[in-house]
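In: Provided below for reference: sequence and predicted model.
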Amino acid sequence: MSVTAEQVRHIARLARLEMSEEELERLVPELNNILDWVEQLGEVDTAGVEPLTAVVPNALRLRDDQVTDGECRDEILGNAPVAEHGFFAVPKVIE
Amino acid sequence: MTDLTTLTIAELRDGFRSGEFTAREIAEQYNSAVAAARSLNAYTVETPDDALAAADAADKARQSAEFGPLAGIPLGIKDLFATRGVDTTSGSRILSGFKPPYESTVTANLRSAGAGMLGKLNMDEFAMGSSNETSAYGPVISPWRRREGSNAALTPGGSSGGSAAAVAANIAAGATGTDTGGSIRQPAAFAGICGIKPTYGRCSRWGIVAFASSLDQAGPMARTVRDCAILLEAMAGFDPKDSTSFDVPVPPWEGELSGDLRGKRVGIPKEYRIDGVPAEINALWDRGIEWLRDAGAQPVEISLAHTRYALPTYYIIAPAEASSNLARYDGVRYGLRVEADGLNGMYSATRAAGFGAEVKRRIMIGTYVLSAGFYEAYFTKAQKVRSLIKRDFAAAFEQCDLILTPTAPSAAFGIGETTDPLAMYLNDVFAVPASLAGLPAMSVPGGLDAQGLPLGLHLIGRELDEQGVLNAGLAIEERAGFTAKPQRWW
């Protein structure tokens, strides 16, 4: 499988990465080289093999339903590029 | 006065305890050394006051004889550990100005053990790289140079390149690193120091900027195996804030150190003899086998049949996880924001301006392999091959107790020399399989190549057997006689 400029544009849109035409043009062969290389996994017989999702056996733990943090709104907002009225501020999303 | 920056952590600890010197003297000498080595570009932020405050606390505590195991030890911290109130950027423009209101568990553990922080260490952007060249702060320059009088700037490796360079150049007594697919071990090998990636789950990932969550693991980088054991004991431990943290006690790794390997079988994987690796590296590997035999171990040939598929597996899984983890950089909560048309425009413009080329490349690969229609063919397939790689190790560890390989397929290379992404990825060919299997693995200096550059030997152990890895590392250290240090030019 190889990707076209149109597909790369689509992936960039999904990934929310603005890209110039020059960047897209450069990425097409780069991505295809990497994808050609990873496609050698097709040689491996994985019939009946379970995908590995966790590298160590680990059951998710439960804990008591207690608040363990909080009361730090202003500290958190201190890192926001734009904060207003105690909230993160974003460009208008509702017309 | 002795140059305290040349001492190991064990020596600093003992000298501080006996009153030979004060923690303040250690911190002052290190602060001066850090300030005098800016041409290495190893630190992105210097925090001399932090180091001095920890030193003063250590000196005060010494009088009451109640001090932590790392009291008086100044460390460098890789810039992806969240440090309260101190810039934490993961080598990226997109996190510029981010000052976490919290401390990572690993650095909090080091602080409560008494360690001080000299500063934040430069790294490949989001730990994606093997040469430190993807950092938004520019590359770290290795303190090492080739012997023949060339002044070409060399890479310290990556992604923990600042950590490796700082430890090798005596501008940190030890450092934290993180390893996703070799990012502790390859730079340790390039810089002639030791570095261990513990079993996945030993060190909490809480407060570490995420790259690939199923692989990321913190570990120490230091000048000796003993120093690594000392630091790892302080860094590791169960943390309820990391759902993959192992709820098991931290063993007394330093106290149990022993280079006596009688009764141990050391596996030599035949698939790691790959084409294109310099003869010097294979020759060092052979010397390593003899050193371990001399320590009492019995070498046995083993097979890790899926070794050649480890890198392509990694370059599906790691970018896939990265593309998800890095979705949080949206210009809303922290770091950079570039205003553009509407919310989506702002996201896309911010991410375009904030991420470097390698990070974008990996986000693109990751987004593609996770997208509808390709998920099964790429991502699920890679997870299945990952199962087979883990099985290979399980089968091998029925025949042996630990595994010895080279750390990297080359010595340090020049900055700007490797421009092809695929060629860069090959740096981790020996390191990645242990990452995919979550196993503890360590690089220890073995010798110098013909150009006078360090080469590392790589030990892989069973799950949770950091002790076996450290002990074999000690056996190599005792026999390699590696005392070379970079000639100071900076």
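Out: On my side now, so go ahead. Residues are numbered from 1 along each chain as shown, chains lettered A, B, ... in the order given.
In: alpha carbons only for contacts and neighbour counts from here, please
Out: Will do.
In: in the chain, which spans are strands?
Out: Went with chain A since none was named. A:83-84, A:87-88 (DSSP state E).
In: wrong one, I was asking about chain B
Out: Under DSSP E, chain B gives strands at B:43-46, B:74-78, B:116-121, B:174-179, B:194-197, B:217-222, B:265-269, B:298-302, B:402-406, B:441-448, B:454-461.
In: what's the most buried one of those?
Out: Most buried of the strands of chain B, by mean neighbour count (mean count of other C-alpha atoms under 10 Å in any protein chain shown): strand B:194-197, with a mean of 34.
In: Do me a favour and average the pLDDT over that one.
Out: Per-residue pLDDT values over strand B:194-197 give a mean of 98.
In: any idea how far it is from the chain center?
Out: Averaged C-alpha coordinates place strand B:194-197 at 6 Å from its chain's average position (C-alpha atoms, centre = their mean, to the nearest Å).
In: Please report how far B:R293 lies from B:S142.
Out: 33 Å (C-alpha to C-alpha, to the nearest Å).
In: For A:E21, find the nearest of the strands of chain B.
Out: Closest approach to A:E21 among the strands of chain B (C-alpha to C-alpha): strand B:43-46, 33.2 Å.
In: Tell me how far the closest residue to A:W37 other than its chain neighbours lies from B:A318.
Out: Spatial nearest neighbour of A:W37, excluding adjacent residues (C-alpha to C-alpha, 6 or more residues apart in numbering or on different chains): B:P312 at 6.9 Å. Separation of B:P312 from B:A318 (C-alpha to C-alpha): 10 Å.
In: same check, this time on B:T107
Out: 24 Å.
In: between B:R293 and B:S142, who's got more neighbours?
Out: Using other C-alpha atoms under 10 Å in any protein chain shown as the criterion, B:R293 and B:S142 rank with B:S142 on top: 32 against 18.
In: How about the backbone phi and psi for the residue lying closest to the more buried one once chain neighbours are set aside?
Out: Of all residues not flanking B:S142 in the chain, B:P156 sits nearest, at 4.5 Å (C-alpha to C-alpha, 6+ apart). The phi and psi values for B:P156, taken as degrees, to the nearest 10, are phi -80, psi 10.
In: what about B:P156, how many neighbours?
Out: B:P156, neighbours per other C-alpha under 10 Å, totals 38.
In: Next, the contact list for it, please.
Out: B:131-132, B:140-143, B:162, B:164-165, B:187, B:190-191, B:412 (C-alpha atoms under 8 Å, 6 or more residues apart in numbering or on different chains).
In: quick one: which of those is most hemmed in?
Out: Of the contacts of B:P156, with other C-alpha under 10 Å as the count, B:A164 tops at 42 neighbours.
In: so what pLDDT did that one get?
Out: pLDDT at B:A164 comes out at 98.
In: Quick check: it touching B:A191?
Out: Yes. At 5.8 Å, B:A164 counts as touching B:A191 under the criterion of C-alpha atoms under 8 Å.
In: Residues that sit against both of these two, list them.
Out: Counting by C-alpha under 8 Å, 6+ apart, the residues touching both B:A164 and B:A191 are B:P156, B:G157.
In: which one of the strands of chain B lies closest to B:L343?
Out: Nearest of the strands of chain B (C-alpha to C-alpha): strand B:43-46, 31.5 Å.
In: any idea how far B:D216 is from the spatially most central residue of chain A?
Out: Residue closest to the average C-alpha location in chain A (C-alpha atoms, centre = their mean): A:A15, at 7.0 Å. Distance from A:A15 to B:D216, counting by C-alpha to C-alpha: 22 Å.
In: For chain A, give the residue positioned nearest to chain B.
Out: A:P51 (4.0 Å; C-alpha to the nearest C-alpha).
In: Do you know the pLDDT at that residue?
Out: So, for A:P51, pLDDT stands at 97.
In: show me the contacts for the closest residue to chain A within the stretch 301-450 of chain B.
Out: In the stretch 301-450 of chain B, the residue found nearest to chain A is B:K384; the distance is 4.0 Å by C-alpha to the nearest C-alpha. By C-alpha under 8 Å, 6+ apart, the contact set of B:K384 is A:T46, A:V49, A:E50, A:P51, A:L52.
In: Show me the shaky parts of chain A.
Out: Where chain A drops to pLDDT under 70, the residues are A:1.
In: Residue numbers of the stretch 201-350 of chain B in contact with chain A?
Out: Contact residues, the stretch 201-350 of chain B versus chain A (C-alpha under 8 Å from any C-alpha of the partner chain): B:201, B:214, B:243-244, B:309, B:312-313, B:315-316, B:323, B:327, B:331-337, B:342-344, B:346-349.
In: Now go through those and say which are in helices.
Out: B:P312, B:T313, B:Y315, B:I316, B:S323, B:G342, B:L343, B:N344, B:M346, B:Y347, B:S348, B:A349 (DSSP state H).
In: okay, the residue nearest the centre of chain B: pLDDT?
Out: Centroid check for chain B by C-alpha atoms, centre = their mean gives B:I184 as the closest residue, at 2.0 Å. With respect to pLDDT, B:I184 has a value of 98.
In: Thanks a lot, catch you later.
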